[in-house]
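Compute the structure for the input listed below.
(one chain, ligands or ions: 2)
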Amino acid sequence: MRIANAKALKGALDRAIREVGITDVHTHLYAPCFRELQCWGIDELLTYHYLIAEFFRVSEMPYDDFWKLPKSGQADVIWKALFMERSPLSEACRGVLTVLDRLGLDVRKRDLAAYRKHFGKQKLEKHVVRVFELSGLRDCYMTNDPFDDLERPVWENGYRKDERFKAALRIDPILLGWENAVPRLRQFGYDVGPGLSDRTVEETRRFLREWARRMEGRYVGVSLPPTFDYPEDSVTGRVLEKVVLPVCRELDLPLALMIGVKRRVNPGLRMAGDAVGLARIEPVEELCARNPKNKFMLTMLARENQHAACVAARKFRNLHVFGCWWFVNNPSIIAEITRERIELLGPAITPQHSDARVLDQVVYKWDHSKKVIGDVLLEKYTDLLGSGWALDEKELRRDVEGFFGGNFRAFLARSL
Ligand code: FIX
Ligand code: ZN
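Ligands and ions are numbered 1, 2, ... in the order given. Next comes the predicted model:
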């Protein structure tokens, strides 16, 4: 049906966004067969590392005292400091409230005990179904690390395929910690040594191949520091060149580059102590130019890197930009980045991923992002109609499906 005016546009867009089945291209969630690896519930929501960082900004508690508390004790002090003693205005605080509200809990009561009681009564399997329904998720990508001693045994024994949770093979230990990776690879039965001899290269390739196949991994991913360079005469550079790129090419798996994280800037905060640094776009351009048969996905952590990332994606069809990662996953910046991307790249982008660690978080992350992306799309389609272009509701739906997962699937499927 032809969209005749502004009101019809708003109605059609709202419907399309409400009904779209989302593919969340990067999360830290796990399929239910991974059992306790999947965290969920109010204590996990309150102890999300985003909130731990915010807690320490206002608390005088020594770091070690906090880490000694049981999870519920940590959640108690965070609730008190960030929700009771001041208004929960930050995006991460607001997220907890959105989740509670959408699950039907009364946030006006501020009753932490009641929220705990509610989650205590849920069964994980059913809760997954509810959370997927509420957030509009069709499927999501996990972050799967064969070096993880809790995760690996599940893949080896006990994994049950679940189409809602797809695998992404995470390779940080190999790319960023080769020295420590070598003895582990040997334990796993791969004949490797510290130098990158032909035998070591072949065996490490075999490791990646075997794990990608076992997991049915759809892409390979890594988080990189802002100093990431390519090409580079370093162990990381050589492992990337000799092992990772050839295997990705051979298996037709994109390599997802998440660039800009400075790990443990404040070690006392543990996982909450990572920060952002400005990266260079040249290594990404070099990767794309020198490896035209490799696919790359790209998300960057610094706000100041977003424009250059869009320009790079204009130049290379083997590059797909995705998501607003971590410190740029805030409404004001999502709006800015989404506008920038649409203006430079048109609709062939994946504007958002959730990065959810706690199952329930997808409810708020997608609720908030859909609103912001919806507002930007309304503005862009209004401009389009203003130019005299005639738009059909079917075309609008096609585009919305692309934004929320279709474009990513098309990138996975495309041949270079
Ligand atoms: O490297 C990553 O995948 C990051 O997203 C995480 O390490 C980070 O802790 C996070 O959860 C950000 O949202
Ligand atoms: Zn992540």
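
F404: neighbour count?
Neighbour count for F404, taken as other C-beta atoms under 10 Å: 26. For every residue, glycine as well, the C-beta is placed using N, CA and C.

residue contacts, it?
Neighbour list for F404: 17, 20-23, 352 [criterion: C-beta atoms under 8 Å, 6 or more residues apart in numbering].

what sits against the nearest residue in space to N291 that is not next to it in sequence?
Excluding its sequence neighbours, the residue lying closest to N291 (C-beta to C-beta, 6 or more residues apart in numbering) is L245, at 5.6 Å. L245 sits next to 255, 291, 294 when contact means C-beta under 8 Å, 6+ apart.

swap the cut-off to 10 Å and go again
Going by C-beta atoms under 10 Å, 6 or more residues apart in numbering, L245 touches 220, 230, 239, 255, 287, 290-291, 293-294, 296.

Over to A113?
Applying C-beta under 10 Å, 6+ apart to A113 gives the contacts I42.

that's a strand at it, yeah?
No - membership of A113 in a strand is not supported by DSSP: H, G, I helix; E, B strand; the rest coil, which gives helix.

That one and ligand 1, how far apart?
Note on A113: its distance to ligand 1, by C-beta to the nearest ligand atom, to the nearest Å, is 28 Å.

same thing with G189?
Taking C-beta to the nearest ligand atom, one finds G189 at 27 Å from ligand 1.

repeat for E203
26 Å.

which residue sits closest to that residue in space, ignoring its chain neighbours?
Using C-beta to C-beta, 6+ apart and skipping residues adjacent in sequence, the residue nearest E203 is Y190, 4.4 Å away.

Give me the three-state assignment for the one you found.
coil.

which other helices and strands contact the lengthiest helix in the chain?
In the chain, taking DSSP state H as the definition, the longest helix is helix 361-386. Identification of packing neighbours for helix 361-386 by 3 or more C-beta pairs under 10 Å, 6 or more residues apart in numbering; DSSP states H and E yields helix 6-19, strand 22-24, helix 42-46, helix 91-102, helix 124-135, strand 137-141, helix 331-345, helix 393-401.

who wins for proximity to D360 among those?
For these, proximity to D360 was assessed by C-beta to C-beta; helix 91-102 is nearest, at 4.8 Å.

any bit of the closest one sitting next to ligand 1?
No - figure legend: helix 91-102 not in contact with ligand 1 (C-beta under 6 Å from any ligand atom); closest approach 10.1 Å.

Which ones among the contacts of L245 map onto strands?
The strands, defined by DSSP state E, take in 220, 255, 296 from the contacts of L245.

residue contacts, the residue nearest to T350 when sequence neighbours are not counted?
Closest residue to T350 apart from its sequence neighbours, by C-beta to C-beta, 6+ apart: F322 at 4.0 Å. By C-beta under 10 Å, 6+ apart, the residues touching F322 are 25-26, 256, 258, 297-299, 313, 341, 349-353, 407-408, 411.
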